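# sequence first, predicted model second:
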Amino acid sequence: MKEIALIGSTGSIGTQTLDVIRQHQDRFRVRLLACGTNIERLKQQIAEFHPEVVVIRDEKDLIKLEAHLPTGTKAVAGETALLEEIAKTNASFVMNAIVGSQGLKPTMAAIKAGKTIGIANKETLVTAGHLVTEACNHYGAQLIAVDSEHSAILQSLEGSKREEISRLIVTASGGSFRDWSAEELQHARPEDALKHPNWSMGQKVTIDSATMMNKGLEVIEAHWLFNMPYESIDVLIHRESIIHSLVEYQDKSMIAQLGTPDMKVAIQYALAYPDRLELNGPERLNLWEVGTLHFEKIDPLKHQCLMMAYQAGKTGGSAPTVLNAANEVAVQMFLEGKLTFTGIATVVEKALSEHTVIDHPSIEKVLEIDEETRTRMMTG
Ligand SMILES: NC(=O)C1=CN([C@@H]2O[C@H](COP(=O)(O)OP(=O)(O)OC[C@H]3O[C@@H](n4cnc5c(N)ncnc54)[C@H](OP(=O)(O)O)[C@@H]3O)[C@@H](O)[C@H]2O)C=CC1
Ligand SMILES: CC(=O)[C@@H](O)[C@H](O)COP(=O)(O)O
Ligand SMILES: [Mn+2]
């Protein structure tokens, strides 16, 4: 029985993780659930999965849970409590499905406790990939990709040797605005951006997909997860999201993972790794129905956020921390109607240009720079 701690249980990845666990109750058991403010959904999850502990963000919400805790389930609140419970839990696998760089500290707590971590929370690797990988080596913890592209790469790497790999090719749908003109983009609204052509996901990643910042974050994520130089990580526009990514080998063979766009495949692969289990839910991929797959080159003029992310990744040090924090604030501002869609790239670029990069920031420094960037964005 694999015991699971699920952080971000009420979100898109969190609920799909529970959909997978529900299908395999003979293999997985939920020990810990953590979320932000969606207490109603959490109550349903507690009733079904009977975790030992639930952690919520705000102390004031604890009262709403009181009457809904079965015998054997306790509830606590706040970040300190979350980090303590991650350190204490008997769960061997932590699924980090929180959104944003607030996922960094829980990831580090799980690493220090020697857990295996399903890392959906890509912002952790963007903001502090150097510290996360060092800590994994030091504490013997393992990260398993959950992001669909990185899961595809992991699957395409099965049985390979490091020196045989020549290139990673990360596919991109192009997002909600892939067919919009520059003129149309000036008037793009949050409700337009939230209509992803292929995936149903949380708001932040859907907006990132529309700006192509998601692909930039994923290039940095791939750099850290697979220890590949940026020069060997390419992005390919593939509007069907059927090929989830590819690996090119030194003999010029390419190995890819294909499937209908459904995150449960990648989630289950991470949970069951290295095994493959049966999965109900995703539709079988009928390639004769798909007929044709399309591929396009990226356009550096159009895909400005992707290019900024490549640059920040190559610069290294604190640059990706600033890129990520500025982007998180900009996306929130766009969703609240305080910034235009095209303004997202502009303000992230400004935040990067105002920052003096420092090499190899410590965890304290990463958190300080993240905070400072957010403050600068809100006040400037
Ligand atoms: N959705 C997808 O298909 C994919 C997502 N990802 C990545 O996975 C991560 C999660 O994305 P997604 O599921 O879409 O996001 P959602 O916004 O749907 O869910 C975010 C989750 O984080 C929880 N949360 C927020 N703040 C806190 C906090 N302080 N403490 C504990 N939990 C908190 C939310 O709780 P609550 O709702 O209760 O406030 C919610 O459960 C992101 O990094 C995203 O980029 C990667 C690939 C695909
Ligand atoms: C499902 C998933 O992994 C998302 O991160 C997805 O990649 C978004 O799609 P695009 O960024 O390719 O539009
Ligand atoms: Mn992805």
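Okay, I see it. Numbering: from 1, shown residues only. Ligands and ions are numbered 1, 2, ... in the order given.
# in three-state terms, label the nearest residue to residue 199 once chain neighbours are set aside for me.
Of all residues not flanking residue 199 in the chain, residue 261 sits nearest, at 5.4 Å (CB to CB, 6 or more residues apart in numbering). For glycine as for every other residue, the C-beta is placed from the backbone atoms N, C-alpha and C. Put simply, residue 261 is coil when judged by DSSP: H, G, I helix; E, B strand; the rest coil.
# show me which residues of the stretch 1-150 of the chain sit near ligand 3.
Residues of the stretch 1-150 of the chain lying close to ligand 3 (CB under 5 Å from the ion) are 147, 148, 149.
# among these, which are within reach of ligand 2?
Restricting these to those touching ligand 2 (CB under 6 Å from any ligand atom) yields 147, 148, 149.
# neighbours around the last one, how many?
Same thing as residue 149. Neighbour count for residue 149, taken as other CB atoms under 10 Å: 28.
# that older thread, Throw the residues of the stretch 1-150 of the chain next to ligand 3 into a markdown table and include pLDDT and distance to residue 239, thanks.
A markdown table is the format used below for these (pLDDT from 0 to 100; distance: CB to CB, whole Å):
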| residue | pLDDT | distance to residue 239 |
| --- | --- | --- |
| 147 | 98 | 19 |
| 148 | 98 | 15 |
| 149 | 98 | 15 |
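# so which of these belong to helices?
Counting by DSSP state H, the part of those found in helices is 148, 149.
# ok, so of the residues of the stretch 1-150 of the chain next to ligand 3, who is nearest ligand 2?
Distance to ligand 2 across these (CB to the nearest ligand atom) is lowest for residue 148, with 3.3 Å.
# thinking the closest one is in contact with residue 264, fair?
No. Here residue 148 does not reach residue 264: they are 10.5 Å apart, not a contact under CB atoms under 8 Å.
# so those two - more neighbours on which side?
Per other CB under 10 Å, whichever of residue 148 and residue 264 has more neighbours is residue 148, with 25 against 17.
# and the more buried one, what does it touch?
241, 244, 245, 261, 263, 265, 266 (CB atoms under 8 Å, 6 or more residues apart in numbering).
# ok, residue 125 next?
So residue 125 contacts 119, 132, 220, 221, 224, 225 (CB under 8 Å, 6+ apart).
# name the element it belongs to?
Using DSSP states H and E, residue 125 falls within helix 122-139.
# count the residues that sit near whichever residue of the stretch 151-300 of the chain sits closest to ligand 3.
Of all residues in the stretch 151-300 of the chain, residue 218 sits closest to ligand 3, with a separation of 5.5 Å (CB to the ion). The criterion is other CB under 10 Å. On that basis, residue 218 has 29 neighbouring residues.
# which elements pack onto whichever strand or helix holds it?
Taking DSSP H and E as the criterion, residue 218 maps to helix 213-226. With contacts taken as 3 or more CB pairs under 8 Å, 6 or more residues apart in numbering; DSSP states H and E, helix 213-226 sits against helix 122-139, helix 148-156, strand 165-172, helix 203-211, strand 233-237, helix 304-315, helix 319-335.
# let's go with 6 Å and repeat that
With contacts defined as 3 or more CB pairs under 6 Å, 6 or more residues apart in numbering; DSSP states H and E, the packing partners of helix 213-226 are helix 122-139, strand 165-172, strand 233-237, helix 304-315.
# packing partners of the last one?
This points to helix 304-315. If contacts are counted by 3+ CB pairs under 6 Å, 6+ apart, helix 304-315 sits against helix 213-226, helix 319-335.
# interface residues of the stretch 51-200 of the chain facing ligand 1?
57, 97, 98, 99, 102, 120, 121, 122, 123, 147, 148, 199.
# mind splitting this structure into its structural domains?
For the chain, the structural domains run 2-145, 160-261+294-315, going by automatic domain parsing.
# returning to what we had before: residues touching the residue of the stretch 151-300 of the chain closest to ligand 3, list them.
By CB atoms under 6 Å, 6 or more residues apart in numbering, the residues touching residue 218 are 149, 170.
# hmm, back to that, out of the helices and strands packed on helix 213-226, which is closest to ligand 2?
Of all these, strand 165-172 sits nearest to ligand 2, with 4.2 Å by CB to the nearest ligand atom.
# give me the contact list for the helix or strand just after the closest one.
Using DSSP H and E, the helix or strand that follows strand 165-172 in sequence is helix 182-185. The contact list for helix 182-185 (CB under 6 Å, 6+ apart) reads 341, 342.
# please identify the buried residues of helix 182-185?
residue 185 (16 or more other CB atoms under 10 Å).
# again with stretch 62-79
For stretch 62-79, the neighbour count (16+ other CB under 10 Å) marks 62, 65, 68, 69, 73, 75, 76, 77 as buried.
# just the residues you listed: which are in helices?
Among these, the members found in helices (DSSP H) are 62, 65.
# now, among the buried residues of stretch 62-79, which is nearest to ligand 3?
Ranked by distance to ligand 3 (CB to the ion), these are led by residue 77 at 30.7 Å.
# wait, the closest one sits on residue 59?
Yes. Between residue 77 and residue 59 there is a contact under CB atoms under 6 Å: 4.3 Å.
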